[in-house]
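Student: I'll drop the sequence and a predicted model, then ask my questions.
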Amino acid sequence: MKEISSGTDAASLMRIWNLPESQKLELQTLDKSSFAPWLLLHRNLDTNAAALLRPLLDDVVSRESCLEIQCASNQPGELVFAIRLDDQRAALWQTNLARVLESLTGSQPVPALNNDSWSLKKHHVPNLIELARAGKWTLLGAAEDHNNLLDEFRSQIQQGQPPSAAANTNDWLAADVDLSQVSAALALGWKLSADTPRVSLAVAGAGTNVLSQATADFPQPLALDLQPWNIPTNLIDEKLSSFTLIRGFRPWLASSPGWTNLQIGAPPDQICFWALPGMLMQSYFTAPSVEASNEVSRLTDWVLQNQFPTNGLAKFGKSAAFNGLDWKGLPFMSPFLQSIAVGNQSYIYGGGMPNAVFQPLSIKVLQITLSQTNLLYHDSEITGPRIEQWLYMGQFARLVSHKAQLPFSSPAALWLKAISPQLGMSLTDISQTGSNQLTFSRESSIGFTGIELNLLADWLESPQFPVGLHTFPASPPKQQ
């Protein structure tokens, strides 16, 4: 953040970052993070060692750093984390991190002769952990027996080069990750699918916005089914706070147990979401289907047979007005699901409450978007209002499914409320740019959309952070 704040494109981001609510949430998150190593490694919490780790996390946020993991064929993985520090902070890392690792491993680091580094040997992979100083950089490495990557970092820095090529760019954040190799390199004991892509990501300032770009390169050609867009504009009011189009997911959905277990029919190829400003439950979706009526009837029967507990407040029932479900019993909302015909096309149609369309969306507004033949995903939203809408819908979903509410007085919820007026438009596209490549592009106020910010808040409030969400491990509301 020290580097970012000095840039001319960071004024809007820093205004949000420096809000009192942002500072309070940052403080809570770093406090929780200082306990995380003991939680993740299933060790008894050492509060004294955690207190020594805590100021180092401030440096991770404020100072330039990079992380590299490599794993040659049939060789153990090697890891190096490098952070740019002045001599005083480097000395603090040397002493505090030695005490933290002694607490976590039961072994004591051995100082080197030059007294600005140490190494720790243990019995489990990786058996060697080292801390070294090179120029203005502090290096923390982990490997089996010897860390060649650490030697490379030290040599680069001594030659006056940054420890990572990404340090030569203007990006705020840059990453290149072969996800399928991460587990093998770190000996985590879990293995990702062989179809997992290699992902490259770059985040930088763009005037008053944040520009996020990424590519995902898959090992095999993508079996996408890109049918022409089918959008029921007569159902969509032109006064929108968000509009989302997704297509090409039929092959994935057809093989998903979540869909096949429903046994309601063939999956759709595309879906359209939109939301209106004003009342918080005015969010809707449609999915074209030649068997919409039959599929909605089957889904209605399935929901009624598997009705989840609802605190006795309300529940879904078969609608008397249309083919499908509606929800009665709570004010300010009336979720529904139905089949509907628009012209010669039938759709599965649902939303948070019925809506009268006063001015249908003009197809001309979408012409530039729809002309992109390789487009899989398009999303545009006014992020501030969408934060509030998603928070309201999320709390409703937690209520009816007996999950813990996100406390409105929590730092994360107060942060969402504080940043909402500061956020403008977010535009996101995902396109197929090669037989095995997807490209992601987003221009937004702080890099996230309304739903992503709500999920982020839910995660940051998890009582087991960084594991899980607040919604699931937190205690559910008491039954009345």
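Tutor: Right, received. Where do you want to start? Numbering: from 1, shown residues only.
Student: any weak-confidence spans in the stretch 51-200 of the chain?
Tutor: In the predicted model, the stretch 51-200 of the chain carries pLDDT under 70 at residues 165-168, 184, 186-191.
Student: Could you pull out the strands in the stretch 51-200 of the chain for me?
Tutor: Remark: strands of the stretch 51-200 of the chain, listed N- to C-terminal, are 65-70, 78-84, 110-111, 118-121, 128-134, 137-143, 173-178, 198-206; assignment by DSSP state E, counting those that start in this stretch.
Student: helix, strand or coil for residue 398?
Tutor: Classification of residue 398 by DSSP: H, G, I helix; E, B strand; the rest coil places it in helix.
Student: Just give me the neighbour total for it.
Tutor: 20 (other C-beta atoms under 10 Å). In short, each C-beta sits where N, CA and C put it, glycine included.
Student: do residue 420 as well
Tutor: Residues near residue 420, counting by other C-beta under 10 Å, number 17.
Student: give the contact list for it.
Tutor: Residues in contact with residue 420, defined by C-beta atoms under 8 Å, 6 or more residues apart in numbering, are 383, 384, 385, 387, 388.
Student: so how far is residue 12 from it?
Tutor: Between residue 420 and residue 12 the distance, using C-beta to C-beta, to the nearest Å, works out to 14 Å.
Student: So for residue 56, which of the strands of the stretch 51-200 of the chain sits nearest?
Tutor: Comparing those against residue 56 with C-beta to C-beta, the closest turns out to be strand 78-84 (8.9 Å).
Student: the inter-axis angle of the closest one versus strand 128-134?
Tutor: 30 degrees (axes from the mean of the first three to the mean of the last three C-alpha atoms, to 10 degrees).
Student: Let's see strand 78-84 as PDB, backbone CA atoms only.
Tutor: What follows is strand 78-84 as a C-alpha-only set of coordinates in PDB (Å, rounded to 0.1, in the frame of the first residue of the first chain):
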ATOM      1  CA  GLU A  78      10.900 -24.700  -3.100                       C
ATOM      2  CA  LEU A  79       9.400 -21.400  -1.800                       C
ATOM      3  CA  VAL A  80      10.700 -17.900  -1.200                       C
ATOM      4  CA  PHE A  81       8.900 -14.900   0.100                       C
ATOM      5  CA  ALA A  82      10.700 -11.600  -0.300                       C
ATOM      6  CA  ILE A  83       9.800  -8.300   1.300                       C
ATOM      7  CA  ARG A  84      11.500  -4.900   1.000                       C
END
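Student: Can you check what angle separates that strand from strand 65-70?
Tutor: Between strand 78-84 and strand 65-70, the angle comes out at 170 degrees (the same axes, to 10 degrees).
Student: Wait, residue 112 touches residue 133, no?
Tutor: No. When contacts are counted by C-beta atoms under 8 Å, residue 112 is not listed as touching residue 133 (9.8 Å).
Student: More neighbours: which of those two?
Tutor: For residue 112 and residue 133, the more surrounded residue by other C-beta under 10 Å is residue 133, and the numbers stand at 21 against 14.
Student: Do I have it right that the more buried one meets residue 93?
Tutor: No. With contact defined as C-beta under 8 Å, residue 133 and residue 93 do not form a contacting pair (9.1 Å).
Student: re earlier: mutual contacts of residue 112 and residue 133, please.
Tutor: The contact lists of residue 112 and residue 133 share no entry, where a contact means C-beta under 8 Å, 6+ apart.
Student: which residues in the stretch 251-400 of the chain form strands?
Tutor: 270-275, 283-288, 315-318, 324-328, 336-342, 345-351, 375-382.
Student: Please identify which of those strands is closest to residue 25.
Tutor: Ranked by C-beta to C-beta, the member of the strands of the stretch 251-400 of the chain that lies closest to residue 25 is strand 375-382, at 22.1 Å.
Student: ok so, going back, tell me which of the strands of the stretch 251-400 of the chain approaches residue 359 most closely.
Tutor: Comparing the strands of the stretch 251-400 of the chain by their distance to residue 359 (C-beta to C-beta), the top pick is strand 270-275, with 13.5 Å.
Student: what angle do the closest one and strand 283-288 make?
Tutor: With the same axes, to 10 degrees applied, the angle from strand 270-275 to strand 283-288 works out at 160 degrees.
Student: Just the angle for strand 270-275 relative to strand 345-351, thanks.
Tutor: 40 degrees.
Student: From the contact counts, what lies against strand 270-275?
Tutor: strand 242-247, strand 283-288 (3 or more C-beta pairs under 8 Å, 6 or more residues apart in numbering; DSSP states H and E).
Student: 10 Å instead, please
Tutor: If you count contacts as 3 or more C-beta pairs under 10 Å, 6 or more residues apart in numbering; DSSP states H and E, strand 270-275 packs onto strand 242-247, strand 283-288, strand 345-351, strand 375-382, helix 383-400.
Student: In TSV: the ones you listed, plus mean pLDDT.
Tutor: Formatted as TSV, the helices and strands packed on strand 270-275 follow (pLDDT from 0 to 100):
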stretch	mean pLDDT
strand 242-247	96
strand 283-288	95
strand 345-351	95
strand 375-382	96
helix 383-400	90
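Student: would CSV of those with distance to residue 86 be doable?
Tutor: Listed next are the helices and strands packed on strand 270-275 as CSV, based on distance: least, C-beta to C-beta, whole Å:
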stretch, distance to residue 86
strand 242-247, 45
strand 283-288, 50
strand 345-351, 56
strand 375-382, 42
helix 383-400, 37
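Student: of all these, which lies closest to residue 155?
Tutor: Of all these, strand 375-382 sits nearest to residue 155, with 42.8 Å by C-beta to C-beta.
Student: For that closest one, what is the distance to the chain centroid?
Tutor: In terms of C-alpha atoms, centre = their mean, to the nearest Å, the gap separating the centre of strand 375-382 from the centre of its chain is 16 Å.
Student: Name the residues of it that come out as buried.
Tutor: By neighbour count, and taking 16 or more other C-beta atoms under 10 Å as the criterion, the buried residues in strand 375-382 are 375, 376, 377, 378, 379, 380, 381, 382.
Student: can you list residues touching both of residue 133 and residue 93?
Tutor: In the contact map built from C-beta atoms under 10 Å, 6 or more residues apart in numbering, the residues linked to both residue 133 and residue 93 are residue 85.
Student: Same question for stretch 137-154: list its buried residues.
Tutor: When burial is assessed from 16+ other C-beta under 10 Å, stretch 137-154 yields the following buried residues: 137, 138, 139, 140, 141, 142, 143, 147, 149, 150, 153, 154.
Student: Any figure for the gap between the third one and residue 151?
Tutor: Using C-beta to C-beta, one gets 10 Å for the distance from residue 139 to residue 151.
Student: can you list residues touching both of those two?
Tutor: Taking C-beta under 10 Å, 6+ apart as the contact rule, residue 139 and residue 151 both touch 80, 132.
Student: what are the phi and psi angles of the residue lying farthest from the centre of the chain?
Tutor: For the chain, the C-alpha lying farthest from the average C-alpha position belongs to residue 113; by C-alpha atoms, centre = their mean, that distance is 44.2 Å. Its backbone dihedrals place residue 113 at phi -60, psi -30, with angles given as degrees, to the nearest 10.
Student: Now for it: which residues touch it?
Tutor: For residue 113, no residue meets the contact criterion (C-beta under 10 Å, 6+ apart).
Student: Return the closest of the buried residues of stretch 137-154 with respect to residue 424.
Tutor: The closest of the buried residues of stretch 137-154, once distances to residue 424 are taken by C-beta to C-beta, is residue 137, at 37.4 Å.
Student: who does the closest one bridge with?
Tutor: Note on residue 137: beta-bridge partners residue 84, residue 134, judged by DSSP bridges.
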